[in-house]
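[1] Turn this into a model:
(chains A and B)
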Amino acid sequence: GAGVSQTPSNKVTEKGKYVELRCDPISGHTALYWYRQSLGQGPEFLIYFQGTGAADDSGLPNDRFFAVRPEGSVSTLKIQRTERGDSAMYLCASSFSGTTDGTQYFGPGTRLTVL
Amino acid sequence: DQQVKQNSPSLSVQEGRISILNCDYTNSMFDYFLWYKKYPAEGPTFLISISSIKDKNEDGRFTVFLNKSAKHLSLHIVPSQPGDSAVYFCAARPNFGNEKLTFGTGTRLTIIP
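    Model prediction:
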């Protein structure tokens, strides 16, 4: 079966522009997560969806970042007025919820570069 | 405040020998732990996990040990193979229902043929 997919794989944009990053979770997974990984660091949590609703958005760094999952499947991470410090690998993961292990399966990521 | 720590940024091991990767955590609410492996330009791949009710979990060449009192876990790979060369991340999660993972900074493992 297909794993988590993310598009685009690479995105280069200019400071101040708006970007959208897309995530397609594994079919049947109700939980979806966004993480951000900077060079030399581990992934850092941004937001977690249970179905269509954001169950935990405590990791979003500021109000320039927003994410949606309108139909409980595909999710889009939106970044307004991008800054150079937003440059990072953005990772999406999905999992079954309601299970004791809740193992999260990651996509290949979108590398965002803000010039 | 780094709640999950991997103090060795890199490790080199001879092919066929045992690789031991270590991870320490500070948050006593963590009760589920996972190891992920990451190749360049790919997302992390799940390897093995352990619940706090166990002290050992084994899957083929991979074994994870958990010492709750010391807040320490380790991943053992034996025998090590060249394809094991990658960055390994330790991750932790609190009680069921709070599902966000907290990751360490990773250890780059190099297997020397």
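
[2] Tally up the residues packed near the residue of chain B found nearest chain A, please.
    In chain B, the residue found nearest to chain A is B:Phe103; the distance is 3.1 Å by Cβ to the nearest Cβ. All C-beta spots, glycine's among them, are computed from the backbone N, C-alpha and C. Using other Cβ atoms under 10 Å in any protein chain shown, B:Phe103 has 24 other residues around it.

[3] wait, isn't it in contact with B:Tyr88?
    No - contact criterion Cβ atoms under 8 Å: B:Phe103 and B:Tyr88 do not qualify, at 10.8 Å.

[4] Please enumerate the shared neighbours of these two.
    Shared contacts of B:Phe103 and B:Tyr88 (Cβ atoms under 8 Å, 6 or more residues apart in numbering or on different chains): B:Tyr36.

[5] Correct me if wrong: B:Thr107 contacts B:Leu11.
    Yes - between B:Thr107 and B:Leu11 there is a contact under Cβ under 8 Å: 5.7 Å.

[6] Common neighbours of those two, please.
    B:Leu21.

[7] When these two are compared, which one has more neighbours?
    The neighbour comparison of B:Thr107 against B:Leu11 (other Cβ under 10 Å) goes to B:Thr107, with 21 against 15.

[8] What score does the more buried one have for pLDDT?
    What the model reports as pLDDT for B:Thr107 is 97.

[9] residues in contact with the closest residue to A:Ser73 other than its chain neighbours?
    Using Cβ to Cβ, 6 or more residues apart in numbering or on different chains and skipping the chain neighbours, the partner closest in space to A:Ser73 is A:Pro25 (6.5 Å). Contacts of A:Pro25 were listed using Cβ under 8 Å, 6+ apart, and they are A:4, A:32, A:73-75, A:92, A:94.

[10] Which of those residues fall within strands?
    A:32, A:75, A:92, A:94 (DSSP state E).

[11] Check the residues you listed and tell me the two furthest apart.
    Greatest spatial distance among those (Cβ to Cβ): A:Ser75 and A:Ser94, at 9.0 Å.

[12] Give me the common contacts of these two.
    Here A:Ser75 and A:Ser94 have A:23, A:25, A:32 as joint contacts, going by Cβ under 8 Å, 6+ apart.

[13] So the second one versus A:Ile47, what's the distance?
    The one in question is A:Pro25. A:Pro25 sits 14 Å away from A:Ile47, going by Cβ to Cβ, to the nearest Å.

[14] ok, then the element right after the helix or strand of chain A with the lowest mean pLDDT?
    Least confident helix or strand, chain A: strand A:53-56 with a mean of 88, by mean pLDDT, DSSP states H and E. As assigned by DSSP states H and E, the chain's next helix or strand after strand A:53-56 is strand A:65-68.

[15] Show me which residues of chain A are close to chain B?
    Residues of chain A lying near chain B by Cβ under 8 Å from any Cβ of the partner chain: A:4, A:6, A:31, A:33, A:35, A:40-45, A:48, A:55-56, A:58-59, A:91, A:93, A:95, A:97, A:100-109.

[16] Show me which of those are buried.
    A:4, A:6, A:31, A:33, A:35, A:41-45, A:48, A:55-56, A:59, A:91, A:93, A:95, A:97, A:102-109 (16 or more other Cβ atoms under 10 Å in any protein chain shown).

[17] circling back to that earlier point, out of the ones in strands among the contacts of A:Pro25, which one sits closest to chain B?
    Distances from chain B to the ones in strands among the contacts of A:Pro25, taken by Cβ to the nearest Cβ, are shortest for A:Cys92, at 8.2 Å.
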